[in-house]
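Peer 1: Sequence and predicted structure, then a few things I'm wondering about:
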Amino acid sequence: MSRRTRIFIGILLIYSAGIAFLLYRVVLDIDPRYRESAEESLVDTTQLMASMIEQDVIAGAINPARLDPIFKSVYAREFSAQIYNLHKSRVELRAYVTDRNGRVLFDSLGRNQGADYSQWNDVTKSLAGLYGARTSRDVESDPRTSVMYVGAPIRWNNEIVGVVSLGKPVQSFGQFIEDARARTLWVGAGSAAALLLFTLILSVWLVRPFGLTADYIAWLRTQRGFHPVRMVRRAIVMVRGAFGEMRDALTGRNYVADYVQTFTHEIKSPLSAIRGAAELMQESSMPEAERERFLGNIAQETERIQQIVDRMMELTALETRRVLDRTEPVALGVLLREVADSAGTSAAARGITVQVDGPREDLGELYCDGDRFLLQQAVSNLLANAIDFSPDGAGVTLALRVASRNVVVTVRDHGAGIPDYAQSKVFEKFYSLARPHTLKKSTGLGLAFVKEITALHGGRIELTNAKGGGAIATLTLPLSYLARDTNRTVT
């Protein structure tokens, strides 16, 4: 993975983490806010109840007799209240009254009359003249049975003679909390998606003046027949290209600086060799044989610089193409044989044989939609790389097979394989290993070139050590509909 890709992914991860943290904080804050609102209403109602009960206090003794018929009447009332998405048809408020010792004198539910409530926070603090509240569960193991209680002191002649406490089940307003959480998450996710979509659209229209839609329509006009899966795949490739352009727009400056720095580093060595040879050749006493040798070194290093420049120009041209301008069904079996025949002459000089294992004859030819010239260059690079790392007298095998909806091209050599430290770097620009037979490195751009071609064709490339020794390059490409329409089964 390149540096610019890592930077782009890092920006997206930071953005996603920021949105997730913000949503988490907002959602986490919803429950306390609703509880505060419900508790504030309970405080007012409890104070009202305390004032009513104080009217019936005689000589410091609380008489809750008239509360019982009132609550029975309230619980029996029939009504229908539609509060936004919540339908309410019964009163869920509950109440109890205790004396100055915390013993229950009245319970609206008729469950705990006579019980000792002096240990409860709402009763203890209210008897002390403080604000008392608590949340307790009717069923200890079930958090859905939680009830919020708020107490208020009952006074007679400025003396606290008891407590009235009103309770409201949390479940009664829990639906509001769940609804608010769901709405907040949907709004947050929708806003994040909308912002990303806006950024994508903006980048597409700024970086690509002709727009993604125009390219897609132009491609559709060149197609024959209606293939939904193929159309969707093309759309995905083009959207992926748009993301790449957005990434380049965000990290372009660093990318160019990195490119220039790497290029400068790579040509420093041949330039130093050329300069040193030129300075030595200025010596008039230099023997002719030495002069010829230094002239050869200058020519060799100049050729090396030319190769680096040419490869960089090719690679840069590929990287600026996010999608293929034109595609055609490419017969991969024929392509592999042509590449093998072309490389066979140079390989034969070292006794290396190039063998092609194509599909069985009864399968017909295997096709991939793409640019034939670029695919031929990709396979040629992989084959040249395999030949460079093969010992004299060894063999290199090109193979072709079908895997699900993909066609797989493999290039296998029998060299020393890839060192562990190089496994993750083989596709990086300018990274190269010394060739065993010359002990020299290449430009380090061949495999990077293959990687860009593969990405343009919506495929993937891997280079790993093979079982039994050597390395194997695996190029996986989408199988063309021309091949699928043959109605043949591949096993």
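Peer 2: That came through fine. Numbers count the residues shown, from 1 in each chain.
Peer 1: quick one: contacts of the helix or strand harbouring Leu383?
Peer 2: For Leu383, the host element (DSSP states H and E) is helix 372-388. Applying CB atoms under 8 Å, 6 or more residues apart in numbering, the external contacts of helix 372-388 come out as 318, 324, 328, 330, 332, 335-336, 338-340, 342-343, 346-347, 350, 352, 354, 368, 396, 398, 409, 411-413, 415, 435, 437, 442, 446-447, 449-450, 453-454, 456-457, 471, 473, 475, 477. Backbone N, C-alpha and C define where each C-beta goes, glycine included.
Peer 1: Show me what counts as buried in that helix.
Peer 2: Buried residues in helix 372-388, counting neighbours by 16 or more other CB atoms under 10 Å, are found at 372, 374-388.
Peer 1: repeat for stretch 434-448
Peer 2: Buried residues in stretch 434-448, counted by 16+ other CB under 10 Å: 442-448.
Peer 1: which one of those residues is nearest Ser51?
Peer 2: Ser51 has its nearest neighbour among these in Ala448, at 83.1 Å by CB to CB.
Peer 1: For the protein, which segments are assigned as strands?
Peer 2: Under the criterion DSSP state E, the chain contains strands at 81-83, 86-88, 94-99, 104-107, 132-137, 146-156, 159-169, 328-331, 353-357, 367-370, 395-403, 406-412, 460-465, 471-478.
Peer 1: Against which helices or strands is the fifth one packed?
Peer 2: For strand 132-137, the elements it packs on are helix 121-127, strand 146-156, judged by 3 or more CB pairs under 8 Å, 6 or more residues apart in numbering; DSSP states H and E.
Peer 1: ok, back up a step: would you mind writing the PyMOL command to select the buried ones in the contacts of helix 372-388?
Peer 2: Of these, the buried ones can be selected in PyMOL as follows, counting by 16+ other CB under 10 Å:
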select buried, resi 318+324+330+332+335+336+339+340+343+347+352+354+368+396+398+409+411+412+413+415+442+446+447+449+450+453+454+456+457+471+473+475+477
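Peer 1: Between the buried residues of stretch 434-448, which sits nearest Ala76?
Peer 2: Nearest to Ala76 among those, with distances taken as CB to CB, is Ala448, at 81.5 Å.
Peer 1: so the closest one makes contact with Lys429?
Peer 2: Yes. Using CB atoms under 8 Å, Ala448 and Lys429 qualify as a contacting pair, with a distance of 4.7 Å.
Peer 1: Show the contacting residues for the nearest residue to Arg100 once chain neighbours are set aside.
Peer 2: Distance criterion CB to CB, 6 or more residues apart in numbering; nearest residue to Arg100, sequence neighbours excluded, is Val161 at 5.2 Å. Contacts for Val161 (CB under 8 Å, 6+ apart) come out as 57, 60-62, 99-100, 154-155.
Peer 1: ok, these vs Val237, which is closest?
Peer 2: Checking the contacts of Val161 against Val237 with CB to CB, the nearest one is Ile154 at 76.4 Å.
Peer 1: Wait, that closest one touches Ser51, no?
Peer 2: No. Contact criterion CB under 8 Å: Ile154 and Ser51 do not qualify, at 9.1 Å.
Peer 1: who's more crowded, the two?
Peer 2: Legend: neighbour count by other CB atoms under 10 Å for Ile154 and Ser51, higher for Ile154 (27 against 13).
Peer 1: give me every residue that touches that one.
Peer 2: Taking CB under 8 Å, 6+ apart, we find Ile154 in contact with 50, 53-54, 57, 62, 97, 160-164.
Peer 1: Hmm, Val356 and Gly344 touching each other?
Peer 2: No. If you go by CB under 8 Å, Gly344 and Val356 don't touch, sitting 10.1 Å apart.
Peer 1: The closest residue to Gly132 other than its chain neighbours: neighbouring residues, count only.
Peer 2: Closest residue to Gly132 apart from its sequence neighbours, by CB to CB, 6+ apart: Lys125 at 3.2 Å. Neighbourhood size, Lys125 [other CB under 10 Å]: 17.
Peer 1: Would you enumerate the residues in contact with Lys125?
Peer 2: 131-132, 151.
Peer 1: Among those residues, which one has the most neighbours?
Peer 2: Gly151 (30 neighbours).
Peer 1: For that one, name its beta-bridge partners.
Peer 2: Gly132, Ser165 (DSSP bridges).
Peer 1: I'd say it and Ser165 touch.
Peer 2: Yes. Under the criterion of CB under 8 Å, Gly151 lies in contact with Ser165, with a separation of 4.1 Å.
Peer 1: if I look at those two, which residues touch both of them?
Peer 2: Listed as contacting both Gly151 and Ser165 by CB under 8 Å, 6+ apart are 46, 122-123, 126, 132.
Peer 1: Now tell me what touches stretch 177-194 from outside.
Peer 2: 15-16, 19, 22-23, 26-27, 30-31, 34, 85.
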